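Participant: need the 3D shape of this:
(chains A, B, C and D)
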Protein chains: 4
Amino acid sequence: MEGIAIMTSGGDAAGMNPAVKSAVDYARKKGLTPFLIRNGLRGMIDGDIAQAKREDVSGILHRGGTVLRSSRSKRFFEYEHRKTAYENLQKHGINKLIVIGGDGSFAALNQFYADFGVPFAGIPATIDNDIPGTDYCLGVDTALNMIRDSIDSIRDTATSFSRAFVIETMGRHCGYLAMVSALSSGAEICIVPELEYDLDAMGERLRKDVKDGRGYILAIVAEGTNMAEYLTRWIKVNLNMDARLTVLGHVQRGGSPTVRDRIMAYKFAVSAVDSLIAGNTNKIMIYKDGTMGSVDIETVNSTKVELNKDILQLCEHLSK
Amino acid sequence: MEGIAIMTSGGDAAGMNPAVKSAVDYARKKGLTPFLIRNGLRGMIDGDIAQAKREDVSGILHRGGTVLRSSRSKRFFEYEHRKTAYENLQKHGINKLIVIGGDGSFAALNQFYADFGVPFAGIPATIDNDIPGTDYCLGVDTALNMIRDSIDSIRDTATSFSRAFVIETMGRHCGYLAMVSALSSGAEICIVPELEYDLDAMGERLRKDVKDGRGYILAIVAEGTNMAEYLTRWIKVNLNMDARLTVLGHVQRGGSPTVRDRIMAYKFAVSAVDSLIAGNTNKIMIYKDGTMGSVDIETVNSTKVELNKDILQLCEHLSK
Amino acid sequence: MEGIAIMTSGGDAAGMNPAVKSAVDYARKKGLTPFLIRNGLRGMIDGDIAQAKREDVSGILHRGGTVLRSSRSKRFFEYEHRKTAYENLQKHGINKLIVIGGDGSFAALNQFYADFGVPFAGIPATIDNDIPGTDYCLGVDTALNMIRDSIDSIRDTATSFSRAFVIETMGRHCGYLAMVSALSSGAEICIVPELEYDLDAMGERLRKDVKDGRGYILAIVAEGTNMAEYLTRWIKVNLNMDARLTVLGHVQRGGSPTVRDRIMAYKFAVSAVDSLIAGNTNKIMIYKDGTMGSVDIETVNSTKVELNKDILQLCEHLSK
Amino acid sequence: MEGIAIMTSGGDAAGMNPAVKSAVDYARKKGLTPFLIRNGLRGMIDGDIAQAKREDVSGILHRGGTVLRSSRSKRFFEYEHRKTAYENLQKHGINKLIVIGGDGSFAALNQFYADFGVPFAGIPATIDNDIPGTDYCLGVDTALNMIRDSIDSIRDTATSFSRAFVIETMGRHCGYLAMVSALSSGAEICIVPELEYDLDAMGERLRKDVKDGRGYILAIVAEGTNMAEYLTRWIKVNLNMDARLTVLGHVQRGGSPTVRDRIMAYKFAVSAVDSLIAGNTNKIMIYKDGTMGSVDIETVNSTKVELNKDILQLCEHLSK
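Facilitator: The predicted structure follows:
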């Protein structure tokens, strides 16, 4: 009997629950004994580890967040605590790990492997879609559709007045959510870290547009630019239009996983289990050009996030 | 042929569109000729008035906001502009008005009646539910369910960590939305203008609660209290728990009208048309103790908003 | 220590979960010890009874269906099995019961009281809204909004073609869901058990309407009339229009409880606990003319369901 | 000035509206004059053609169905009527066509090109995802998420009882919707045209599963198999479990386009306009292995729909 443990780590993302369920079901089908680690890396140290029971993963497929809960653990940076974690795994006969999370979590498991040789497979999950090497991270599609719902609701009010709405999406270093949201909601303005903006050109374009009959304006701004409040005032002054700011906040994180996130969760989980059974370790599952695959964690660490050029190009005209 | 004009005025609220459609359809059925005034009081001055056509009100029942658009008009305070508005109505043979909006709009029409004797009926519509005399204002149920969706989404993240979420709802002077949302989402804290809060007692209660196993905390705060940011910091310090603030903003205003708002819109519209046909004027339609009725606008103006004592009492323990 | 047990029984309805949670929380607050009976009357016989723990009712407020599960039990008609149920309650010191369900379940508990003198309070919950004496039954508002979502989706297709859509809602003996849905979706046809229909008049009305530019037709039919398929064919032949039938089925039953259902659940639960504490028994909680109250179960049994005359009147013109 | 006309044809699909808007906007940006043909091929014959105005495509991005409406036209099979259509295009100076629809519509435009040499580009749009050569057709993602919502709602009831739910999805010749829905909802049974089923094996598997504690069963059946009613009865008899059938029907077709459908609409539209500007004709836009491209219509016609082997393999165990 070989034990395989599944955990979620870092910021939560829709799709984590279906990934957990799929990993448990598929691991069992392949003759492994699935375990669940609760509370992420902290739980690994504290021994929140138990064999997965049917009821643990029943009825979780359609729920947002992560039923395994997550955490950020400073203690895991210390060898001593990692050793405790290792001993906890040994007690249960666990010699394979699947971690669903972001690159910080992958790096932690990489160090853990260097210390104790426990093989792991990583499943990328973060709504920012900013893990190098993969076109898709779990949670992105659900986050985009949650943002869609919010913008569509704001649009109801926007069309009732002659008004501008500035909407700030999540994304500290990455404008992916903002750009895709701008395109899919037909916004007139999009401000992201990856694109230079030109307010003068923008002012000219939009004043002309309003003159030609445009009734309202939607502007999507990525959190990381810190431009949301400034832009709101700028619109009032320069376009002579009432403007309101909405910071979407944590509403973007939740929601029932979309079909795409559930299916991707399924595929990522199957890949991760298969990768471990095949004897691989330190691999991150990726989805690239429409196909599942995996890369070494070193590749992830040494690669810069490649921006989707398609999306960038389609958005360019919205920042000037 | 008698003309009846319908307009929306003030802040938008879900339910305005079904009220417009119902008023048009029912007025026509009763032998009146329905007109639509676009852009609220401003449109009345500017002559944005036209006979209602089938396509104007077709397919609007399920849409948020108001297809007639709204505005706030300073000019309407001046007699000269009101006179222009009156002349616009006369040109079309309009001698009855239905205004869907809040008490500011009702007061404007009241003055207009004093000036020119054009009878009107008011339909209360505001998500704040703070118009005196009526238990219900159009838009409230939809706003509450939009807030519900946001809180349920945030809960997904909240349950994934040991974290507090402070959520600010709309409501400048009135905590209705916040209180009902707190009750219907099972929040642990509710801060509204109508209830004194006691942070010391609250701290004691919640520290005990967390000790007993509570994993996360939801706090709902009404905009008018200006307490959202303070409470977020207070939780971090006093409950030693990570806390995040989400200001729901304009997402609350939009969304497809709920069944309740559509049905109430229907009933309010029928009442308003019937009231005008019966020769009444300056009446505000109300829903009181489960029954439709109407009151003089003077009654509305001279009455203080009566807080729903049931709701207040149910919420009391959440602010201390 | 006094035990109070809560169960759900009969067909499931949104609002059952918040009612369970509210009853448990409020009972505890009032010094009672809350128990949960799982699987309805069957579970009472089989002894599926346990003291309510925090985690039993945590995170259930926003979930459809009933986490206590439900059942229909033939055995409960037999004295012997009821005796077993009684003994199960005694073991736990339970001397008060709250049953959330329909009139069949209330009648069963009434018999149980006659046998063993265990006081109970009933909370009306059924999407049909057909329990005599109360204006509102838990689950109705959520069901109506689920139907709204389905009809709004079908409308997208309907407006894309010149087509009629016949939509069958639940409701074996009662057309409430169909009528309110017809009104709130602006349907052109509504067929319910409570209203006579006149296809000749309807044909004339709609042929004229189509000639005047109507692009599509929505027809809402209550299940109990068995008219859905016939009407679909009738439209094809008599209006010369492509017509499609959709039977909404169990989609109507689920979904996260609306705010209205959550608040009503809260109020019903508080009333039920208070009623039992006050020493009452065999009372059914009701909501009448905007106020909570209660009536004897005999009154419920001997009363005919009173149709909402408002709604009936507003719908009349849609069945002819 | 060069005219380019856009039309929707065949069954409606979410994503048609954003595709129309994107095509109009992008064509204009590229110096072409966009026209809209309403009512599909029938409108082309009847001359329902007009230059696209701002308000025609404003506020349509988030709406299901097609605001251009669609139709099936027998007249288009006759040369004489196609000639009329051609003359209509000539009147407006239209020498490029974009058709958003399925392979029947593409074939019609192909014949039209053979007759009169009007170049066209096709954008695949059908919820069945069964157009050869492309991995994705507009509307699929939205349909899948609408089905998800329905199944998640039915699950609420399913978990409240010990019951099986059989759910029939659309798909006459293709089980794509059913398979992806089965996977993403964690169904226990999936019956599609592409996979042989083995009821004996299935019975054995599920009886064991129920014995091990499974509380309810979800079965997804593709319309084209005609198996939904049979399977419902089979479950009752062979698994000794109450079973209910829900035919999802036209609810699947509507709904606001998901972000994926809006973005794909954008990319398909840009590709189609670019393809026509580059002088190509009779090309169908495709999305293959994560990249946009195009193929000759002959290739589409001569190719068999290739089933997604991944999905088929993942579903195999659900039909036996």
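Participant: alpha carbons only for contacts and neighbour counts from here, please
Facilitator: Will do.
Participant: other residues contacting stretch A:98-113?
Facilitator: For stretch A:98-113, the external contacting residues (C-alpha atoms under 8 Å, 6 or more residues apart in numbering or on different chains) are A:4-12, A:16, A:19, A:76-77, A:82, A:118-126, A:131, A:272-273, A:282, A:297, A:301.
Participant: what about it, distance to the chain center?
Facilitator: 15 Å (C-alpha atoms, centre = their mean, to the nearest Å).
Participant: which of the residues in it are buried?
Facilitator: Using 16 or more other C-alpha atoms under 10 Å in any protein chain shown as the test for burial, stretch A:98-113 gives A:98-103, A:105-113.
Participant: so A:A187, which of the three states?
Facilitator: Secondary structure assignment for A:A187 (DSSP: H, G, I helix; E, B strand; the rest coil): coil.
Participant: let me fix that: A:L276
Facilitator: helix.
Participant: re earlier: what about the buried residues of stretch A:98-113, which are in strands?
Facilitator: Among the buried residues of stretch A:98-113, DSSP state E puts A:98-101 in strands.
Participant: tell me the contacts of the residue nearest to A:L138 when sequence neighbours are not counted?
Facilitator: Distances taken as C-alpha to C-alpha, 6 or more residues apart in numbering or on different chains place A:A125 nearest to A:L138, at 4.2 Å, with adjacent residues excluded. Residues in contact with A:A125, defined by C-alpha under 8 Å, 6+ apart, are A:12-13, A:15-16, A:100-102, A:137-139.
Participant: again, but for A:A182
Facilitator: By C-alpha under 8 Å, 6+ apart, the contact set of A:A182 is A:188-190, A:219-220, A:315.
Participant: please repeat the previous calculation with a cut-off of 7 Å.
Facilitator: A:190, A:220 (C-alpha atoms under 7 Å, 6 or more residues apart in numbering or on different chains).
Participant: so where does it fall, helix or strand?
Facilitator: helix A:176-185 (DSSP states H and E).
Participant: what mean pLDDT does that helix get?
Facilitator: Throughout helix A:176-185, pLDDT has a mean value of 96.
Participant: can you check stretch A:161-168 too?
Facilitator: 93.
Participant: hmm, it touching chain D?
Facilitator: No. Using C-alpha under 7 Å from any C-alpha of the partner chain, stretch A:161-168 stays clear of chain D, coming no nearer than 14.1 Å.
Participant: also stretch A:309-318?
Facilitator: No. Using C-alpha under 7 Å from any C-alpha, stretch A:309-318 stays clear of chain D, coming no nearer than 9.1 Å.
Participant: now that stretch: buried residues?
Facilitator: A:312, A:315-316, A:318.
Participant: ditto for stretch A:196-206
Facilitator: Quick answer for stretch A:196-206 (16+ other C-alpha under 10 Å): A:197, A:202-203, A:206.
Participant: and the contacts of that stretch?
Facilitator: With C-alpha under 7 Å, 6+ apart as the contact definition, stretch A:196-206 has outside contacts at A:191, A:238-239, A:319-320.
Participant: identify the residues contacting the residue of chain A found nearest chain C.
Facilitator: When distances are taken as C-alpha to the nearest C-alpha, chain A reaches nearest to chain C at A:R63, 10.6 Å away. With contact set as C-alpha under 7 Å, 6+ apart, A:R63 has these partners: A:17, A:256-257.
Participant: again, 10 Å this time
Facilitator: Residues near A:R63 by C-alpha atoms under 10 Å, 6 or more residues apart in numbering or on different chains: A:14-18, A:254-257, B:153, B:156.
Participant: could you pull up phi and psi at the residue nearest to A:L138?
Facilitator: For A:A125, the backbone dihedrals (degrees, to the nearest 10) come out as phi -140, psi 110.
Participant: that one and A:M285, how far apart?
Facilitator: Distance of A:A125 to A:M285, computed by C-alpha to C-alpha, to the nearest Å: 10 Å.
Participant: who touches both of the two?
Facilitator: Counting by C-alpha under 10 Å, 6+ apart, the contacts common to A:A125 and A:M285 are A:C137.
Participant: now do the contacts for A:I220.
Facilitator: A:151, A:165-169, A:175, A:177-183, A:185, A:187-192, A:228, A:246, A:318-319.
Participant: mind checking the SS state of it?
Facilitator: Reduced to three states by three-state DSSP, A:I220 is strand.
Participant: any idea how far B:G93 is from it?
Facilitator: From A:I220 to B:G93 the distance is 45 Å (C-alpha to C-alpha).
Participant: next: A:V20.
Facilitator: Taken as C-alpha to C-alpha, the span from A:V20 to B:G93 is 68 Å.
Participant: the more surrounded of those two?
Facilitator: A:V20 (27 against 16; other C-alpha atoms under 10 Å in any protein chain shown).
Participant: what's the closest of the contacts of stretch A:196-206 to chain B?
Facilitator: A:L239 (17.6 Å).
Participant: next one: phi and psi at that closest one?
Facilitator: phi -110, psi 0.
Participant: OK, contacts around it?
Facilitator: A:164, A:203-204, A:206-208, A:210, A:233.
Participant: those residues: which two are farthest apart?
Facilitator: Spatial extent of the contacts of A:L239 (C-alpha to C-alpha) is set by the pair A:K208 and A:R233 at 19.2 Å.
Participant: re the thing from before, in JSON lines, list the buried residues of stretch A:196-206 along with distance to C:R72, secondary structure and pLDDT.
Facilitator: Output for those, formatted as JSON lines (distance: C-alpha to C-alpha, whole Å; DSSP: H, G, I helix; E, B strand; the rest coil; pLDDT from 0 to 100):
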{"residue": "A:Y197", "distance to C:R72": "65", "secondary structure": "coil", "pLDDT": "95"}
{"residue": "A:M202", "distance to C:R72": "66", "secondary structure": "helix", "pLDDT": "96"}
{"residue": "A:G203", "distance to C:R72": "67", "secondary structure": "helix", "pLDDT": "96"}
{"residue": "A:L206", "distance to C:R72": "64", "secondary structure": "helix", "pLDDT": "96"}
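Participant: could you dump those residues into a markdown table with distance to C:V57 added?
Facilitator: Shown next, in a markdown table, are the buried residues of stretch A:196-206 (distance: C-alpha to C-alpha, whole Å):
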| residue | distance to C:V57 |
| --- | --- |
| A:Y197 | 51 |
| A:M202 | 53 |
| A:G203 | 54 |
| A:L206 | 53 |
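Participant: convert the C-alpha atoms of stretch A:78-87 to PDB, please.
Facilitator: Listed next in PDB are the C-alpha coordinates belonging to stretch A:78-87 (Å, rounded to 0.1, in the frame of the first residue of the first chain):
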ATOM      1  CA  GLU A  78      12.700  26.100   9.000                       C
ATOM      2  CA  TYR A  79      14.300  22.700   8.700                       C
ATOM      3  CA  GLU A  80      13.200  21.600  12.000                       C
ATOM      4  CA  HIS A  81       9.500  22.100  11.200                       C
ATOM      5  CA  ARG A  82       9.900  20.500   7.800                       C
ATOM      6  CA  LYS A  83      11.400  17.500   9.600                       C
ATOM      7  CA  THR A  84       8.300  17.200  11.800                       C
ATOM      8  CA  ALA A  85       6.200  17.400   8.600                       C
ATOM      9  CA  TYR A  86       8.200  14.600   7.100                       C
ATOM     10  CA  GLU A  87       7.800  12.400  10.200                       C
END
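Participant: looking at the contacts of stretch A:196-206, which one is closest to C:I45?
Facilitator: A:I191 (63.8 Å).
Participant: need the pLDDT of the closest one.
Facilitator: For A:I191, the model assigns a pLDDT of 97.
Participant: burial of it, as a residue count?
Facilitator: 30.
Participant: does the helix or strand hosting A:E168 reach chain B?
Facilitator: A:E168 belongs to strand A:163-169 when assigned by DSSP H and E. Yes. With C-alpha under 10 Å from any C-alpha of the partner chain as the criterion, chain B is reached by strand A:163-169 at A:165, A:167.
Participant: what about the helices in the stretch 51-200 of chain A?
Facilitator: A:54-57, A:79-92, A:103-116, A:140-158, A:176-185, A:199-211 (DSSP state H, counting those that start in this stretch).
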